[in-house]
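Q: can't give you the sequence, but here's the structure:
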């Protein structure tokens, strides 16, 4: 549509709209200027792994050695490495929905079985210990928790994680935390999840992080996993036969990101919070859109089920398709996150574009009410997955 000259308001992307901060780009440019373009150590440059350890020490008060860290081509690969290392056919992995589909699919790739428990909008999509514990069986090998979560922005509390960790330790279960959004939490809340795990279950815990969301570095492809040395060594073996080490230029930029001024992180987070609050207010004008206020990340995940009906649009995927075709607004259907009846709106866009997007969505709903719109002929099959 854009190639045809159509102005599409894109509220679909799972990435910041900010440019990578200047001091980080300068480090990448300097790496090029100094011909820092050769193969890298498979587990990552020592200086970057030290910077990752220092950041956890500063932010969470937990201590790691570089041998506890492997640098990967993004947080997604770090999660993949962990799944390949720890899971065997027949194992079960408990995780939560609505959630990032990659986690479930990686479990399946490892020939293990995902066990998905629900979180709920009226509870802020918080991950609750009771639900996770109810999903455990004698076959459970791992629990994977994303906090703040994609697509909901929901959190797990320290107390709920503590309860899960105690049960996991007793059953020899691993806990994997996807913390790629953990620097984007908007209200003051206790969320020192690494400290909880290191206190209770250090030998069976893995922390996954990334430069992508915090520093607007999605295209640089640089993430990591932190865990017990023997597990990290096994991840190193897996990675050596997949992609080898992460980009040399990206790792130099990552060192600058982690060790330099963190003012850019605060600036972006404050702007996201303004956008979140404003977008929630605008959407509240339509009573049939029910929206839990996300605690973190940069997505709203509203319930639009009251706008659906067998006579018009039957699914949130059909609703999303209608928004794109008629309103020229791109959103992500809830089916992509195991949550039909919802849509994900990214507020990683300027307030002006968010306003335009909301106006177009409102115009589409008015047309729907007038009976001008019928089902767009889309089903949940073929939903695009990030």
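A: The structure has been received and is ready for your questions. On a predicted model such as this, the values are computed, not experimentally measured, just so you know. Residues are numbered from 1 along each chain as shown.

Q: Three-state assignment for residue 312, please.
A: Under DSSP: H, G, I helix; E, B strand; the rest coil, residue 312 falls in the coil class.

Q: report the longest helix in the chain, please.
A: helix 263-283 (DSSP state H).

Q: mind listing the strands in the stretch 101-250 of the chain by residue range?
A: 113-118, 140-146, 174-178, 205-210, 223-226 (DSSP state E, counting those that start in this stretch).

Q: Would you reformat these as JSON lines and include mean pLDDT, distance to residue 57 and mean neighbour count?
A: All C-beta spots, glycine's among them, are computed from the backbone N, C-alpha and C. Conversion of these to JSON lines gives the following (pLDDT from 0 to 100; distance: least, Cβ to Cβ, whole Å; neighbours: other Cβ atoms under 10 Å):
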{"stretch": "strand 113-118", "mean pLDDT": "98", "distance to residue 57": "32", "mean neighbour count": "17"}
{"stretch": "strand 140-146", "mean pLDDT": "98", "distance to residue 57": "22", "mean neighbour count": "24"}
{"stretch": "strand 174-178", "mean pLDDT": "98", "distance to residue 57": "17", "mean neighbour count": "25"}
{"stretch": "strand 205-210", "mean pLDDT": "98", "distance to residue 57": "13", "mean neighbour count": "26"}
{"stretch": "strand 223-226", "mean pLDDT": "98", "distance to residue 57": "11", "mean neighbour count": "26"}
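
Q: now the ones you listed as CSV including distance to residue 71?
A: Converted to CSV, these look like this (distance: least, Cβ to Cβ, whole Å):
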stretch, distance to residue 71
strand 113-118, 27
strand 140-146, 20
strand 174-178, 16
strand 205-210, 10
strand 223-226, 5
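
Q: mind checking which of the ones you listed is nearest residue 306?
A: Among the strands of the stretch 101-250 of the chain, strand 113-118 comes nearest to residue 306, with 19.7 Å by Cβ to Cβ.

Q: which helices and strands sit right next to the longest helix of the chain?
A: strand 299-300, helix 351-369 (3 or more Cβ pairs under 8 Å, 6 or more residues apart in numbering; DSSP states H and E).

Q: Residue 330 is nearest to which of these?
A: Closest approach to residue 330 among the helices and strands packed on helix 263-283 (Cβ to Cβ): helix 351-369, 8.9 Å.

Q: elements contacting the closest one?
A: With contacts taken as 3+ Cβ pairs under 8 Å, 6+ apart, helix 351-369 sits against strand 9-10, helix 263-283, strand 329-330.

Q: Of the ones you listed, which stretch is the most buried?
A: Highest mean neighbour count of those: strand 329-330, a mean of 22 (counted as mean count of other Cβ atoms under 10 Å).

Q: Mean neighbour count, the helices and strands packed on helix 263-283: which tops it?
A: strand 299-300 (a mean of 24).

Q: residues in contact with that one?
A: Contacting residues not belonging to strand 299-300 are listed as 14, 150-153, 276, 279-280, 283, 291, 294, 344-347 [Cβ atoms under 8 Å, 6 or more residues apart in numbering].

Q: With residue 211 as the reference, measure out to residue 336.
A: 24 Å (Cβ to Cβ, to the nearest Å).

Q: now swap in residue 94 and tell me
A: Using Cβ to Cβ, residue 94 is found at 28 Å from residue 211.

Q: Any regions of the stretch 251-386 of the chain where pLDDT drops low?
A: Scanning the stretch 251-386 of the chain with the threshold set as pLDDT under 70 gives 376-386.

Q: Report how many residues lie close to residue 236.
A: Neighbourhood size, residue 236 [other Cβ atoms under 10 Å]: 17.

Q: no no, residue 37
A: Neighbours of residue 37 using other Cβ under 10 Å come to 11.

Q: I'd say it and residue 249 touch.
A: Yes - between residue 37 and residue 249 there is a contact at 6.9 Å, judged by Cβ atoms under 8 Å.

Q: can you list residues touching both of those two?
A: With Cβ under 8 Å, 6+ apart as the test, residue 37 and residue 249 both reach residue 31.

Q: returning to that earlier point: and residue 336 and residue 211? Which one has more around it.
A: When residue 336 is set against residue 211 and neighbours are counted by other Cβ under 10 Å, the residue ahead is residue 211, at 28 against 24.

Q: The nearest residue to residue 232 once chain neighbours are set aside: what secondary structure?
A: Spatial nearest neighbour of residue 232, excluding adjacent residues (Cβ to Cβ, 6 or more residues apart in numbering): residue 70 at 5.1 Å. Under three-state DSSP, residue 70 falls in the strand class.

Q: need the contact list for residue 70.
A: Contacts for residue 70 were tallied using Cβ under 8 Å, 6+ apart; they are 43-44, 78, 81, 224-225, 232, 235-236, 239.

Q: Dig out what it forms beta bridges with.
A: Residue 70 has the following beta-bridge partners by DSSP bridges: residue 225.

Q: Helices of the chain, start to end?
A: Here the chain has its helices, by DSSP H, at 22-33, 46-60, 75-86, 101-109, 129-134, 158-171, 193-200, 229-240, 248-259, 263-283, 316-322, 351-369.

Q: contacts for the fourth one?
A: If you take Cβ under 8 Å, 6+ apart as the criterion, helix 101-109 is touched by 76, 79-80, 83-84, 87, 93, 95, 113-114, 116, 144, 146, 178, 336-338, 385-386.

Q: Let's check: the centremost residue of this structure is which one?
A: Centre of the chain computed as the mean C-alpha position; nearest residue by Cα atoms, centre = their mean is residue 150, 4.3 Å away.

Q: Report how many residues lie close to the closest residue to that one other than its chain neighbours.
A: Distance criterion Cβ to Cβ, 6+ apart; nearest residue to residue 150, sequence neighbours excluded, is residue 100 at 4.6 Å. Using other Cβ under 10 Å, residue 100 is surrounded by 25 other residues.
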